[in-house]
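Undergrad: Have a look at this prediction, sequence included:
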Amino acid sequence: MRHLVLALLGALLLPFAASAQMRIDVSGVGATQYPIAIARFATDGRVPQDVSEVVRGDLQRSGAFRIIEQAAAMSDTAQIDFVDMRRRGADAVLTGSVARLADGRYDIRYRLSDAVRQTTLGGESLVVAEADLRYGAHRIADWVYEKLTGEKGIFSTRIAFVSKQGSRYKLSIADWDGENVVTPLNSPEPIISPSWSRDGSRLAYVSFESKKPVVYVHTLATGQRKAVANFKGSNSAPAWSPDGRTLAVALTIDGLSQIYLIPSDGSAPPKRLTTSTSIDTEPVFTPDGSALYFTSDRGGSPQIYRMPVSGGDASRVTFSATYNVSPRISPDGRSLAYVSRRDGKFLVVVRDLASGAERVLSEGGREESPSFAPNGRWIMYATQAGGRDSLVAASVDGRVRQRLTSNAGDIREPTWGPFSN
Amino acid sequence: MRAALAQGALALALIAGASPAHALFGDDEARKAILDLRGRVQQYQETTDQRLAKIEAQLADLVSRLSNAQLDNQSQADQLRQEISKLRGQIEVQAHELAVTQRQLREQLATVDNRIRRFEPVEVEIDGRKATVDQTERKAFEAALALFRAGDFKSALVAFNQFQGQYPDSAYSPAVHFWIGSSQFALKDYKGAIASHEALVSKFPQNPRVPDALLNIGYAQAESGDRAGARKTLQSLIDRHPQSPAAQLARDRIATLGR
């Protein structure tokens, strides 16, 4: 097990770097690490962001790559000394260039070469605004990751989370590595349960700003927000249907907390889905939208159940502990992540739904709010370590774990956004 | 209370009404009557208050008993609900365990089935005919045949003879006769070859190998110098199985015999 600490110094020196300083600790490595040399991208010195450094950070933190140091800048058109690259152990070489265009945008060109066969694996170009240079770098990392592993990368995806600084709560969105933070909502009252619509355009969450839990839908592009569930009692745990038109919520409108469906624009009254004499909460839709997983204590202890969206009987899914909550379903619908209390610890467990095989992903013991990356390879969750809340992204195979801590106070309630387009 | 007051008022009204008619009464008497009446009203009031207090006490007692009963009911309902939840949980767990056990059992049965299947008779096709044989039997036959095909006729002969001893009634018997004869032929034991093939022809006259057996007998006779016998055997093969490939070979052989 290797342990390394990455301080993203490059990013922190930049003018638009977030004031909330994030730090990432990575532990563990993938089963096989692909050795890749990432050259510094050639520039004319007028580029405010070291694009290749961001690519390098992404690939390194994924655990799937071993980065071969390459000191000299190499443009995408540079002649590569493959013999030298092979001697240093690189199987692939990434080169590139960033140039400022007349309109103020930046032209990023990059090329991936196979050092073993001494051929090119392809190259592309991106034109981005200055503010999107980091995003462009993440797109390049996604492209390289997919070329070399065959799976879609998640480096250009975003995460939403809640941070508490002093007495104020912030709902924030950041790059997957915790950089580039924007804060759609800042409130003196708690904010919980953020949830991304599948197209990434809207966030639903619960805010206590009117001194009681109310579900809001926030359109990120416009900043417009609307209270879509503000009924008598508590309104909590919103979850989007795949088509974005429906929210499943937990309401106490009829007494005990039960699951209801409401239109995501709040245009119609809630339709009650569960009718138990116990507490039903934390609904989440399956990727095909046909069923819901949720938490209920109808069996005497909180467990995870599944029921059709059209109504009907709920069947119990979890059995191996007396406390299993916060279900999250993987994008392919085959695995379920949840928080399980075992030996007094609250751990993130991933269960293969077909075989029932389980893997304990976390080790801290005060875990909550698991959430899958859109490629299903990672799970992010909140944990308490040293009395502080921080976020962890753990690979589903259990090999790599990275912790995001912030100097800006406690961060929790993470939820991983969808693929960006 | 109201009734008592009404009674008192009525009494006062009677007194007031009565006074002009009894103007002879002096003030003292009237005062006495009023005092008397007041006393009676007060008495009424006291009795009524006592009765009221008693009723109120009874009512309070009743209410408190009722609300106690309601609390009891509530806590019983809660207990029952908890009990139901617990039972429901147990049923869920047991149904799950049953499902798991059933699945395991099915898997185990499948494994056992697979194991048993290795020892169960299998259906094979021998010289165009379907037959059921033991797996060890089939393996022994195929092993002997492999020896023959590899050209190790000595070992093949030993193996086929062993097979015949071990499985005298095998569906492979006609084939075994044939391959024993063929092995003997290859080892130039023409006498033995003739005997083996003849055994096949006489025991299994309908077997599709009969024409080949007859051909081999003819060849063996020819090789051992019995030209007449060979001709006779080959001719009978041609007569009886004119369409067989063996008949064509027999015609060719007869032609060479003639020279």
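TA: The structure has been received and is ready for your questions.
Undergrad: Return stretch A:237-249 as CSV; C-alpha atoms alone will do.
TA: Listed next in CSV are the C-alpha coordinates belonging to stretch A:237-249 (Å, rounded to 0.1, in the frame of the first residue of the first chain):
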residue,chain,number,x,y,z
ALA,A,237,-35.0,13.3,1.3
PRO,A,238,-35.7,14.3,-2.3
ALA,A,239,-34.7,11.9,-5.1
TRP,A,240,-35.0,12.5,-8.9
SER,A,241,-36.7,10.2,-11.3
PRO,A,242,-34.5,9.5,-14.3
ASP,A,243,-36.5,11.7,-16.6
GLY,A,244,-36.3,14.6,-14.1
ARG,A,245,-40.0,15.1,-14.0
THR,A,246,-40.8,13.5,-10.6
LEU,A,247,-39.3,13.7,-7.1
ALA,A,248,-39.7,11.0,-4.5
VAL,A,249,-39.8,12.7,-1.1
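Undergrad: which residue is nearest the centroid of chain B?
TA: B:Arg106 (6.4 Å; Cα atoms, centre = their mean).
Undergrad: per-residue pLDDT, the closest residue to chain B within the stretch 101-250 of chain A?
TA: Here the stretch 101-250 of chain A gets closest to chain B at one residue, A:Ala250, 18.2 Å apart by Cβ to the nearest Cβ. Where you see a C-beta, it was placed from the backbone N, CA and C, and this is true even at glycine. Here, the pLDDT recorded for A:Ala250 equals 97.
Undergrad: Tell me who's in contact with A:Ile154.
TA: A:Asp142, A:Trp176, A:Ala373, A:Pro374, A:Asn375, A:Arg377, A:Trp378, A:Trp416, A:Phe419 (Cβ atoms under 8 Å, 6 or more residues apart in numbering or on different chains).
Undergrad: 6 Å - rerun?
TA: By Cβ atoms under 6 Å, 6 or more residues apart in numbering or on different chains, the contact set of A:Ile154 is A:Ala373, A:Asn375.
Undergrad: do B:Ile180 as well
TA: B:Ile180 touches B:Phe160, B:Ser196, counting by Cβ under 6 Å, 6+ apart.
Undergrad: per-residue pLDDT, it?
TA: For B:Ile180, the predicted pLDDT is 95.
Undergrad: name the element it belongs to?
TA: helix B:173-186 (DSSP states H and E).
Undergrad: Which positions in chain A make contact with chain B?
TA: A:Thr277, A:Gly299, A:Gly300, A:Arg316, A:Phe319 (Cβ under 6 Å from any Cβ of the partner chain).
Undergrad: excluding its backbone neighbours, what's nearest whatever residue of the stretch 151-259 of chain B ends up closest to chain A?
TA: Per Cβ to the nearest Cβ, B:Ala171 is where the stretch 151-259 of chain B lies closest to chain A, at 44.3 Å. Closest residue in space to B:Ala171, ignoring its immediate chain neighbours: B:Ala131 at 3.4 Å, by Cβ to Cβ, 6 or more residues apart in numbering or on different chains.
Undergrad: quick one, what contacts the closest residue to A:Phe294 other than its chain neighbours?
TA: Distances taken as Cβ to Cβ, 6+ apart place A:Pro283 nearest to A:Phe294, at 4.3 Å, with adjacent residues excluded. By Cβ under 6 Å, 6+ apart, the contact set of A:Pro283 is A:Ala239, A:Ala248, A:Ile259, A:Leu292, A:Phe294.
Undergrad: Most neighbours among those, which one is it?
TA: When neighbours are counted by other Cβ atoms under 10 Å in any protein chain shown, A:Ile259 leads the contacts of A:Pro283 with 28 neighbours.
Undergrad: ok, it touching A:Thr274?
TA: Yes. Using Cβ atoms under 6 Å, A:Ile259 makes contact with A:Thr274 at a distance of 4.4 Å.
Undergrad: quick one: the strands in the stretch 101-250 of chain B?
TA: If DSSP state E, counting those that start in this stretch is used as the criterion, the strands of the stretch 101-250 of chain B fall at B:122-126, B:129-133.
Undergrad: For the residue in the stretch 151-300 of chain A that chain B sits nearest to, the count of nearby residues, please.
TA: Across the stretch 151-300 of chain A, no residue is closer to chain B than A:Gly299, which sits at 3.2 Å (Cβ to the nearest Cβ). Neighbourhood size, A:Gly299 [other Cβ under 10 Å]: 22.
Undergrad: what are the phi and psi angles of it?
TA: phi -100, psi 20 (degrees, to the nearest 10).
Undergrad: Check the one 4 residues further on too.
TA: The phi and psi values for A:Gln303, taken as degrees, to the nearest 10, are phi -140, psi 170.
Undergrad: Isn't it up against A:Thr318?
TA: Yes. Judged on Cβ under 6 Å, A:Gln303 makes contact with A:Thr318 at a distance of 5.1 Å.
Undergrad: Residues that sit against both of those two, list them.
TA: Common neighbours of A:Gln303 and A:Thr318, using Cβ under 6 Å, 6+ apart, are A:Asn324.
Undergrad: With pLDDT added, can I get the residues of chain A next to chain B in TSV?
TA: Shown next, in TSV, are these (pLDDT from 0 to 100):
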residue	pLDDT
A:Thr277	88
A:Gly299	92
A:Gly300	91
A:Arg316	95
A:Phe319	91
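Undergrad: of the contacts of A:Pro283, closest to A:Thr77?
TA: Lowest distance from A:Thr77 to the contacts of A:Pro283 (Cβ to Cβ) belongs to A:Ala239, with 48.6 Å.
Undergrad: wait, is the closest one part of a strand?
TA: Yes. The assignment for A:Ala239 by DSSP: H, G, I helix; E, B strand; the rest coil puts it in a strand.
Undergrad: returning to what we had before: show the buried residues in the residues of chain A next to chain B.
TA: A:Gly299, A:Gly300, A:Arg316, A:Phe319 (16 or more other Cβ atoms under 10 Å in any protein chain shown).
Undergrad: Which two of those have the greatest separation?
TA: A:Gly300 and A:Phe319 (12.7 Å).
Undergrad: Need the strands of the stretch 101-250 of chain B in a markdown table (columns: distance to A:Glu130).
TA: Formatted as a markdown table, the strands of the stretch 101-250 of chain B follow (distance: least, Cβ to Cβ, whole Å):
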| stretch | distance to A:Glu130 |
| --- | --- |
| strand B:122-126 | 76 |
| strand B:129-133 | 81 |
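Undergrad: Which one of those strands lies nearest to A:Val392?
TA: Of the strands of the stretch 101-250 of chain B, nearest to A:Val392 by Cβ to Cβ is strand B:122-126, at 57.0 Å.
Undergrad: quick one: strands adjacent to that closest one?
TA: Neighbouring strands of strand B:122-126 in its sheet, by DSSP bridges, are strand B:129-133 (antiparallel).
Undergrad: Using CSV, write out every CA atom in the partner strand.
TA: Output of strand B:129-133 as CSV, limited to C-alpha atoms (Å, rounded to 0.1, in the frame of the first residue of the first chain):
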residue,chain,number,x,y,z
ARG,B,129,-27.1,-47.9,-34.0
LYS,B,130,-28.1,-46.2,-30.8
ALA,B,131,-27.2,-48.0,-27.6
THR,B,132,-26.9,-47.3,-23.9
VAL,B,133,-23.6,-48.1,-22.3
